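Peer 1: Quick one, fold the following:
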Amino acid sequence: MATYKKRGHKPKAKDDQHSVEDGSTTAEVFNTLDEGASKTEEWVARNQKYIYIIIGVAAVVILGYLGYNEFIQEPKEAEAANEMFQAQQYFDEALDAPATESDSLFNLALTGGQGKFGFEDIVKNYGSTKAGNLAHYYAGMAYLNTNEYQKAIDHLDDFDSDDEILGPLAKGGIGDAFLQLEQPEEALDYYVEAAKLRTNNFTTPKFLMKAAVTAIQLGKGGAAEDYLTRIKEEFPDSPEANRVAIYLGQAQAMQ
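Peer 2: Numbering: from 1, shown residues only. Down below sits the predicted model:
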């Protein structure tokens, strides 16, 4: 039997029901937000002294860092670079000078001349600068050339660089110093490290060859063959590749 609805009576629309419920929910949400905001304001009011201290400390640190860089570090970098110029000139002249003159020039590079610091004083007075770091490299190489091997090791070990060439040269220089101190095992370790540090056509085959020759001296024919094979296969155009055949036979004969 059909069901009839009484005229004049309309059931509540779903939208009307939702509007009542939504109104109630919205009111609750706003009440909750008001309560949360009040609690936050109270917390801030209670702790504003500590908040201001934290903000103040952060501001001081940031401004201090910026001020340090602008007013202390940057002028110090410029001073160090200015002092470095003369020492570098002595060093470069020493590399080109005959053996009878090179030692005195290396010593001037280390101790200074013409009113300018040498590398040692630059390290002491500007150690935190880029020039001070670079002075470790130059000092180490100067000591290596004047046969003061432990001092060379100390400076080159303190030198820190991501440079493609200088980084491996410093490691290899430590290897050279250890070899002169008759510590070939240590020398070999540093030659291998220098070869691995960066891959390029200059330093990699250079120190692979030094590693190979040192390995042969130590009776490590297999290791020497590996280093020589790398030079032959990966760096065939390097000057070291022309010497591979000389040592490869020795390395293979030892096995």
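
Peer 1: Can you list the low-confidence ranges for the chain?
Peer 2: Applying pLDDT under 70 to the chain flags the ranges 1-73.

Peer 1: now the helices for it?
Peer 2: Under the criterion DSSP state H, the chain carries helices at the ranges 14-67, 74-96, 99-111, 119-125, 130-145, 149-158, 166-180, 184-197, 203-217, 221-234, 244-253.

Peer 1: got the contact list for residue 84?
Peer 2: Counting by C-beta atoms under 8 Å, 6 or more residues apart in numbering, residue 84 makes contact with 117, 122, 131, 134, 135. To be clear about C-beta, it is placed using only N, CA and C from the backbone, and glycine gets the same treatment.

Peer 1: Try it again at 7 Å.
Peer 2: Counting by C-beta atoms under 7 Å, 6 or more residues apart in numbering, residue 84 makes contact with 122, 131, 135.

Peer 1: Next: residue 234.
Peer 2: Listed by C-beta under 7 Å, 6+ apart, residue 234 has no contact partners.

Peer 1: What's the separation between it and residue 114?
Peer 2: 46 Å (C-beta to C-beta, to the nearest Å).

Peer 1: Excluding chain neighbours, what is closest to residue 83?
Peer 2: In this structure, residue 83 finds its nearest non-sequential neighbour in residue 117, 4.4 Å apart by C-beta to C-beta, 6 or more residues apart in numbering.

Peer 1: Who does the one you found form a beta bridge with?
Peer 2: Bridge pairing for residue 117 (DSSP bridges) gives the partners residue 112.

Peer 1: count of neighbours near it?
Peer 2: Using other C-beta atoms under 10 Å, residue 117 has 22 neighbouring residues.

Peer 1: Going forward, the N-terminal residue is numbered 804.
Peer 2: All set: I'll call the first residue 804, so the last point we hit is now residue 920.

Peer 1: Now for it: which residues touch it?
Peer 2: Applying C-beta under 7 Å, 6+ apart, the residues near residue 920 are 886, 890, 928.

Peer 1: How many residues are close by the residue nearest to residue 1012 when sequence neighbours are not counted?
Peer 2: Setting aside the residues directly before and after it, residue 1012 is nearest to residue 1043 in space (C-beta to C-beta, 6+ apart), at 4.2 Å. A count of nearby residues for residue 1043, using other C-beta under 10 Å, gives 20.

Peer 1: correct me, but residue 1043 touches residue 1034?
Peer 2: Yes: here residue 1043 lies in contact with residue 1034, judged by C-beta atoms under 7 Å, at a distance of 5.3 Å.

Peer 1: Tell me how far the residue lying closest to residue 906 once chain neighbours are set aside lies from residue 909.
Peer 2: Closest residue in space to residue 906, ignoring its immediate chain neighbours: residue 949 at 5.5 Å, by C-beta to C-beta, 6+ apart. According to C-beta to C-beta, residue 949 and residue 909 sit 5 Å apart.
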